[in-house]
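>>> Structure of the sequence below:
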Amino acid sequence: MLRKCTLALALTAFTIFISSTGFAQTKIAYINMQQLITGMPEAKKAFDTLQVYQQELAKDGQELVNEFQAKVAKFQEAEPTLKADLKDAKIKELEMMKANIEQYNARMEQRMAEREQQLTAPIIAKAKKAVSDLAAEKGFACVLDNSKDIVITATCEDLLPAAKQKLGIK
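Okay, here's the model as predicted:
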């Protein structure tokens with residue numbers, strides 16, 4: 001639904017833009033920003049860095065899981081002989097450990113998202129600047145990102161090859 005609304009809004013804005021410029025020839029190009037960015041050496045390095053960071057966080061989380069599983073196994077062995085009060089206390093302890101693991105997972109996801117943003121923001125900015133500069137050099141009034149499911153017509157020029165060349169990507 002959101003994608004359809006975004007597409008409709010983009011097409012409406014595009015139609016208004018075209019009609020407000022009269023019959024002047026407006027040059028429009030398109031590029032797949034996702035493909036451009038993933039082809040950049042900096043992006044590959046950032047991806048590798050993120051994988052290492054994720055493995056470090058997962059290792060710590062796995063230690064919590066292992067400890068939890070060991071306590072569950074110990075509880076299951078001793079459960080038949082435990083008194084009700086002690087049994088309830090052990091169950092609450094296990095529930096707390098499970099909640100701690102879930103909280104750790106949530107914090108891990110948040111840290112991963114923050115780290116990804118930190119690593120990718122300069123890469124995305126560099127790619128956008130290259131495309132913007134290229135559009136200005138070639139006289140394009142608008143560059144559409146076709147990785148976002150925007151309709152591209154046959155009269156648009158693909159800037160991906162030129163942008164890759166400008167950024168030194170092969």
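
>>> Could you identify the helix or strand that succeeds the longest helix anywhere in the chain?
As assigned by DSSP state H, the longest helix anywhere in the chain is helix 84-138. Counting by DSSP states H and E, the next helix or strand C-terminal to helix 84-138 is strand 142-145.

>>> what is the rounded mean pLDDT of that next one?
Across strand 142-145, the average pLDDT comes to 84.

>>> can you pull the buried residues of that strand?
By neighbour count on 16 or more other Cβ atoms under 10 Å, the buried set for strand 142-145 is V143, L144, D145. (C-beta placed from N, C-alpha, C; glycine too.)

>>> can you pull the contacts of the last one?
Just to be clear, that refers to D145. Counting by Cβ atoms under 8 Å, 6 or more residues apart in numbering, D145 touches Y30, I31, N32, M33, Q34.

>>> Pass me the low-pLDDT residue ranges in this protein, would you?
1-25, 149-156 (pLDDT under 70).

>>> any idea which element E63 lies in?
Following DSSP H and E, one finds E63 within helix 41-78.

>>> Return the list of helices and strands in contact with that helix.
With contacts taken as 3 or more Cβ pairs under 8 Å, 6 or more residues apart in numbering; DSSP states H and E, helix 41-78 sits against helix 84-138.

>>> Can you check what angle separates the helix it packs on from helix 41-78?
Calculated by axes from the mean of the first three to the mean of the last three Cα atoms, to 10 degrees, helix 84-138 forms an angle of 170 degrees with helix 41-78.
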